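Asker: Mind folding the following:
(one chain, ligands or ions: 1)
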Amino acid sequence: MIRFENVTKRYADGTTAVDDLSFEVAEGELVTLVGPSGCGKTTTMKMVNRLIEPTSGRIFLDGEDIAAVDPVKLRRRIGYVIQQVGLFPHKTVLENTATVPALLGWQRKKGRDRAAELLDLVGLDPSVYGDRYPDQLSGGQRQRVGVARALAADPPVLLMDEPFGAVDPVVRERLQSEFLRLQSQVRKTVLLVTHDIEEAVRLGDRIAVYGAGRIEQFDTPASVLGAPATPYVADFVGADRGLKRLSVTPIEPGDLEQPPVVHLDDPLAKAAARLSGEGARWAVVLDDEDRLHGWIPADAAEKPGAPGTVRDHARRMEAWLPVGSSLKQAFSTMLQHDAGWIAVLDDDRFLGVLTPARLHEALRRSIDADAGGIARAEVELQTVADA
Ligand SMILES: Nc1ncnc2c1ncn2[C@@H]1O[C@H](COP(=O)(O)OP(=O)(O)OP(=O)(O)O)[C@@H](O)[C@H]1O
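Answerer: The predicted structure is shown next:
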């Protein structure tokens, strides 16, 4: 979809910002460009929408050499999101979002309807926020408007330069999750610049790790973390890359433990028999539609001769995650709820539980999947030390 062929950019003062760059981004792929300040990431990105012209080499969009495309027409096919957002202060959120459709000559109502749809998609209710002005929004909300605006004309390609850089870490993580959800729906071809390796790893289908003006490694997050191509990359991804791997490894059904399961309306005696039969200290409690309700400890179930049903003794369980969430989310959910295990669901269906030991095994699985992965001792030390 986007192809760089031996692209070099030398500025007038002799600075070589990008040196003989060749890489390709597939349709629907999200590639993050990561590296220290001044290594050429922004220059790379701005050459795609011709805000900067290469000194030599060629860039293709959908097979077409962009040097031959009128820059204004080219930019209509490319959404652009920058850190400073650049919303028009005197225009409402809805008008800001409808900017590109208006430039494209869409009818006003069509443009506004599309803008409202996009605001909804990025989590801003248009009936609440549509008529506000940018200075009446939080930083995170402004970033969302920036993303909605870039998507409004439905461009196949999205360029994002530090899109979540201006907000605090908690908001950033939320925006990242929302953006991943959005991207799974809209499947744009995305180039995203960041200097944060954690963000690069979390968002990218593949990552381009930049050294000065050059890509040192272009690969999947797991490979960049597990098998850094050069000492420079190893240094850049950091000594705690075992820990970073938590954020790129999803929980899979095979990682889960299957504790005894009882139902709310089961007689207590039946639950007690299940628990003692399996020698378990607790059981998961489901409702009559097999949705997670909570859990019951063995000592509550085993009161001799206790009457009643599981319902009378069950405790609610708030620590749960959908299957496919990252091990990092699992770890953080465990800490947040001070829970020794968390339930994992597929929509409403209970799949099993993840315990710290299983989490560790899942991390191992991810490491073993990469030839030349990280030494096990290193990972063990880090997961324990950072807990
Ligand atoms: N207009 C310009 N004239 C001369 N040099 C420039 C110009 N723009 C950028 N540079 C230089 O080119 C190099 C790459 O800059 P670029 O903005 O692409 O880096 P970056 O990786 O995006 O950095 P950052 O993370 O700080 O934004 C830097 O050394 C920068 O100083």
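Asker: C-alpha only now, for contacts and for neighbours.
Answerer: Fine.
Asker: ok so residue 353 is a helix residue?
Answerer: No: applying DSSP: H, G, I helix; E, B strand; the rest coil, one finds residue 353 to be strand, outside a helix.
Asker: Count the neighbours of it for me.
Answerer: For residue 353, the count of nearby residues is 20 (other Cα atoms under 10 Å).
Asker: Also residue 13?
Answerer: Residue 13, neighbours per other Cα under 10 Å, totals 6.
Asker: Assign a three-state SS to it, would you?
Answerer: Residue 13 ends up coil, using three-state DSSP.
Asker: Tell me the spacing between it and residue 6.
Answerer: Distance, residue 13 to residue 6, using Cα to Cα, to the nearest Å: 21 Å.
Asker: tell me the phi and psi of the nearest residue in space to residue 144 that is not next to it in sequence?
Answerer: Closest residue to residue 144 apart from its sequence neighbours, by Cα to Cα, 6 or more residues apart in numbering: residue 122 at 6.0 Å. Per-residue torsions, residue 122: phi -90, psi 10 (degrees, to the nearest 10).
Asker: who's in contact with residue 122?
Answerer: Shown in contact with residue 122 (Cα atoms under 8 Å, 6 or more residues apart in numbering): 144-145, 147-148, 178-179, 182.
Asker: for those residues, which one is nearest the ligand?
Answerer: residue 147 (19.3 Å; Cα to the nearest ligand atom).
Asker: ok, and the closest non-adjacent residue to that closest one?
Answerer: residue 81 (6.2 Å).
Asker: for that neighbour, what are its contacts?
Answerer: 146-147, 150, 158-161, 163.
Asker: Would you reformat these as CSV and include secondary structure?
Answerer: What follows is the contacts of residue 81, written out as CSV (three-state DSSP):
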residue, secondary structure
146, helix
147, helix
150, helix
158, strand
159, strand
160, strand
161, strand
163, coil
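Asker: In those residues, which residue is surrounded by the most others?
Answerer: When the contacts of residue 81 are compared by neighbour count (other Cα under 10 Å), residue 146 ends up highest, at 28 neighbours.
Asker: and it, what pLDDT?
Answerer: pLDDT, residue 146: 87.
Asker: One more: residue 106?
Answerer: Residue 106 carries a pLDDT score of 78 in this model.
Asker: Please apply the same query to the one 10 residues further on.
Answerer: Per-residue confidence at residue 116 stands at 91 (pLDDT).
Asker: Need phi/psi at it.
Answerer: The phi/psi pair for residue 116 (degrees, to the nearest 10) is phi -60, psi -40.
Asker: show me the contacts for whatever residue of the stretch 201-350 of the chain ends up closest to the ligand.
Answerer: Relative to the ligand, the nearest point of the stretch 201-350 of the chain is residue 213 (7.1 Å; Cα to the nearest ligand atom). By Cα under 8 Å, 6+ apart, the contact set of residue 213 is 16-19, 39-40.
Asker: What's the separation between it and residue 80?
Answerer: From residue 213 across to residue 80, the span is 22 Å (Cα to Cα).
Asker: And the residue of the stretch 201-350 of the chain closest to the ligand, its phi and psi?
Answerer: phi 70, psi 0.
Asker: Bridge partners for the closest residue to it other than its chain neighbours, pull those for me.
Answerer: Distances taken as Cα to Cα, 6+ apart place residue 18 nearest to residue 213, at 4.1 Å, with adjacent residues excluded. With DSSP bridges as the criterion, residue 18 is bridged to residue 9.
Asker: Please convert the buried members of the contacts of residue 122 into ChimeraX selection syntax.
Answerer: Per 16 or more other Cα atoms under 10 Å, the buried members of those correspond to this ChimeraX selection:
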select :144,145,147,148,178,179
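Asker: pLDDT value on residue 370, please?
Answerer: Residue 370 is assigned a predicted lDDT (pLDDT) of 59.
Asker: Show me the contact partners of the strand or helix carrying residue 361.
Answerer: If you go by DSSP states H and E, residue 361 is part of helix 356-368. If you take Cα under 8 Å, 6+ apart as the criterion, helix 356-368 is touched by 222, 226, 245-246, 249, 251, 255-257, 327, 331, 340-341, 373-374, 376.
Asker: ditto for stretch 105-118
Answerer: Residues from elsewhere that reach stretch 105-118 (Cα under 8 Å, 6+ apart): 94-95, 97-98, 101-102, 126, 130, 148-149, 151-152.
Asker: Turn the contacts of residue 81 into CSV, columns for distance to residue 206.
Answerer: Below are the contacts of residue 81 laid out as CSV (distance: Cα to Cα, whole Å):
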residue, distance to residue 206
146, 24
147, 21
150, 22
158, 15
159, 15
160, 15
161, 16
163, 18
